[in-house]
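Novice: could you look at this predicted model? Sequence included:
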Amino acid sequence: MSMGNLSRRGFMQRSLAGMVGAGLPLWYAREALEQQLLAADEAKKPVAASDKLHVGLIGCGGQGRHDMRQAMGNKGVQIVAVCDVDKNRRAETIAKDLRGDKGVKSYEDFRLLNDNKDINAVIIGTPDHWHTLTAIDAMRKGKDVYCEKPLTLTIAEGQALVKVAAATKRIFQVGSQQRSDGRFRLACELARNGRLGKLKTIETRIGSNPVGGPFKVTAVPEGLNWDFWLGPTPRVDYVKQRCHYEFRWWYDYSGGKLTDWGAHHNDIAQWALGMDRSGPVAVESTGKEPSKEPNSYNCHPTFEVTYTYKSGTQVLCKSDGENGVRMEGEDGKWLFVSRGLIRASDQSEKPSKGKKGGASKILDEPLGKDATRLYVSNNHMQNWLDGIKTRKPCICTAEIGHRSVTVCHMGAISLRLGGKKLAWDPIKETFEQEDANKMLSRPQRAEYKLEV
């Protein structure tokens, strides 16, 4: 955060105006700005070269490189290595993001990067089916980890990852960055303090999945190790639309929007309900069946998944509606929050994106001194870097990320079982139905098998 040529007072006035214009009430914006200014003062302190954190990037796709650039914004961070099974992506990352730094090491195999004792921490931006294997290997070799969401491909992977994180005591941050967005924190605090009354429903609106295929089998591009990219998943011929960004729309490697956007919005639902270390007790679903054609996207195009919690609150994860999270109480009061705005049922007019609208008692009345307040982070990457220094847990630990993506996986399992209603024990982390329990994990190719 830079004040440029503005005085501190002028900077605060402009920043407050921007925050209020973005939907935050004045009392909350003041709190957030004070926290950010303290962080900015801390960032001004000089960092000796010997104190710099040496970080490696595993997975040089768009999100991995974005996360790396976020880390590079801290002058105490030095990127010393990159890893990807596509040598073209490695070369592009070094050339464009790291300005051709010849001191940056380049790896195809993440295990070799993790063996490098000069590396203190890693950022993992691989496709979802590689998150758990790379993170566990990194933690066992003494690395702190920032891992993109969705944290895992299966529920069993999450259980294994949480176990290793606890045993190794590494600092772990899941890339669920909405926890570091003041709008989402405010919405959850208001809900947790009864501003809407008893919560009746939370809608998590995450969008539909694309439809496509059958796609052509083609030659593997030069520089891509396709077998290594597939890793623990079944061996198949190369199809361009299975790889890189499009992997999201195949259940082999991901869970479609349910785990892509669901890992964000269902995480906020869990936070609002105080379920960070628990979850729902039942799930059922409806959805349009995906294509059965070979080499076609196979995630359910449209869906609605209903999760029921012990309190009686239901979370409805939907493929339609305005992207965001809508929380509603029994008396009809509601809050809607997204990355662009926060609004409430008692505002005098519906605001356009980025505008707050009329006065709202739900939003504008400050919380009392005895109110429940949530973990404060205003910068997700910085929260991880600070955690590495202090050894204090981050805002989205391995367990929190696991519990949130478990909600997503439960929905995908219900859909893949034809919308079946399933009972879930959040303590034992098992279903009552055996056909669903068989889907807690997946077979893995022997040479890439997860060992815990």
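Specialist: Thanks, I have the structure now. Numbers count the residues shown, from 1 in each chain.
Novice: ends of stretch 137-154, what's the gap?
Specialist: One end of stretch 137-154 sits 17 Å from the other (C-alpha to C-alpha, to the nearest Å).
Novice: and that stretch, which residues are buried?
Specialist: 137-139, 141, 143-154 (16 or more other C-beta atoms under 10 Å). (C-beta placed from N, C-alpha, C; glycine too.)
Novice: any idea how far it is from the chain center?
Specialist: Averaging C-alpha positions (C-alpha atoms, centre = their mean, to the nearest Å) puts stretch 137-154 13 Å from its chain's average.
Novice: okay, G61 and G212: tell me how far apart.
Specialist: Going from G61 to G212 by C-beta to C-beta, to the nearest Å gives 19 Å.
Novice: settle it for me: which of these two has more neighbours?
Specialist: Legend: neighbour count by other C-beta atoms under 10 Å for G61 and G212, higher for G61 (19 against 14).
Novice: next, the closest residue in space to that one that isn't next to it in sequence: phi, psi?
Specialist: Take G61 and drop its neighbours on the chain: the residue closest to it by C-beta to C-beta, 6 or more residues apart in numbering is G125, 5.8 Å away. The phi/psi pair for G125 (degrees, to the nearest 10) reads phi -130, psi 30.
Novice: tell me, how many residues neighbour G125?
Specialist: 25.
Novice: now do the contacts for it.
Specialist: By C-beta atoms under 8 Å, 6 or more residues apart in numbering, G125 lies in contact with L57, I58, G59, C60, G61, Q63, G64, R65, H66, D67, M68, E148.
Novice: surely the first one forms part of a helix?
Specialist: No - L57: not assigned to a helix; according to DSSP: H, G, I helix; E, B strand; the rest coil it is strand.
Novice: tell me, how many residues neighbour it?
Specialist: 28.
Novice: relative to L258, how far out is it?
Specialist: Taking C-beta to C-beta, one finds L57 at 27 Å from L258.
Novice: give me the beta-bridge partners of S285?
Specialist: V305 (DSSP bridges).
Novice: just checking, it touches V315?
Specialist: No - in terms of C-beta atoms under 8 Å, S285 does not count as a neighbour of V315; the distance is 12.0 Å.
Novice: so which of the two has more stuff around it?
Specialist: A direct count of neighbours by other C-beta under 10 Å for S285 and V315 places V315 higher, at 28 against 25.
Novice: before we move on, back to that, give me the common contacts of S285 and V315.
Specialist: Common neighbours of S285 and V315 (C-beta under 8 Å, 6+ apart) are T306.
Novice: and R343, that's in a strand?
Specialist: Yes - under three-state DSSP, R343 falls within a strand.
Novice: which SS state does I268 fall under?
Specialist: Classified using three-state DSSP, I268 is helix.
Novice: what's the local residue count around it?
Specialist: Neighbours of I268 (other C-beta under 10 Å): 26.
Novice: thought it was touching Q178?
Specialist: Yes - contact criterion C-beta under 8 Å: I268 and Q178 qualify, at 5.8 Å.
Novice: what touches both of these two?
Specialist: Contacts common to I268 and Q178, judged by C-beta under 8 Å, 6+ apart, are F184.
Novice: show me where the stretch 201-350 of the chain has strands.
Specialist: Ranges of strands in the stretch 201-350 of the chain, per DSSP state E, counting those that start in this stretch, are 282-287, 303-308, 314-318, 324-329, 334-337, 342-344.
Novice: T302 versus the nearest residue to L153 once chain neighbours are set aside, what's the distance?
Specialist: Spatial nearest neighbour of L153, excluding adjacent residues (C-beta to C-beta, 6+ apart): H129 at 4.7 Å. Using C-beta to C-beta, H129 is found at 24 Å from T302.
Novice: quick one, which of those two is more surrounded?
Specialist: H129 (24 against 15).
Novice: identify each buried residue in the strand or helix carrying D386, please.
Specialist: Using DSSP states H and E, D386 maps to helix 380-390. By 16+ other C-beta under 10 Å, the buried positions in helix 380-390 come out as H380, M381, Q382, N383, W384, L385, D386, G387, I388.
Novice: for that helix, packing partners?
Specialist: Contact partners of helix 380-390 among helices and strands, from 3 or more C-beta pairs under 8 Å, 6 or more residues apart in numbering; DSSP states H and E: helix 62-72, strand 144-147, strand 172-174.
Novice: now for the ones you listed, which one comes closest to D227?
Specialist: helix 62-72 (20.5 Å; C-beta to C-beta).
Novice: need the strands for the stretch 351-452 of the chain, in chain order.
Specialist: Under DSSP E, counting those that start in this stretch, the stretch 351-452 of the chain gives strands at 422-425, 430-431.
Novice: ok, how many other residues are close to I202?
Specialist: Going by other C-beta under 10 Å, the residues that sit close to I202 add up to 26.
Novice: what sits against it?
Specialist: By C-beta under 8 Å, 6+ apart, the neighbours of I202 are A269, A272, L273, T313, Q314, V315, L316, V325, R326, M327, E328.
Novice: can you check the pLDDT for the fourth one?
Specialist: If I follow you right, that is T313. Predicted confidence (pLDDT) for T313: 98.
Novice: also the second one?
Specialist: The pLDDT attached to A272 in the predicted structure is 98.
Novice: the last one now?
Specialist: Here the pLDDT value assigned to E328 is 98.
Novice: what pairs with it across the strands?
Specialist: T201, W334.
Novice: so it sits against G197, correct?
Specialist: No - with contact defined as C-beta under 8 Å, E328 does not reach G197; the gap is 9.2 Å.
Novice: of those two, which one has the most company?
Specialist: E328 (20 against 13).
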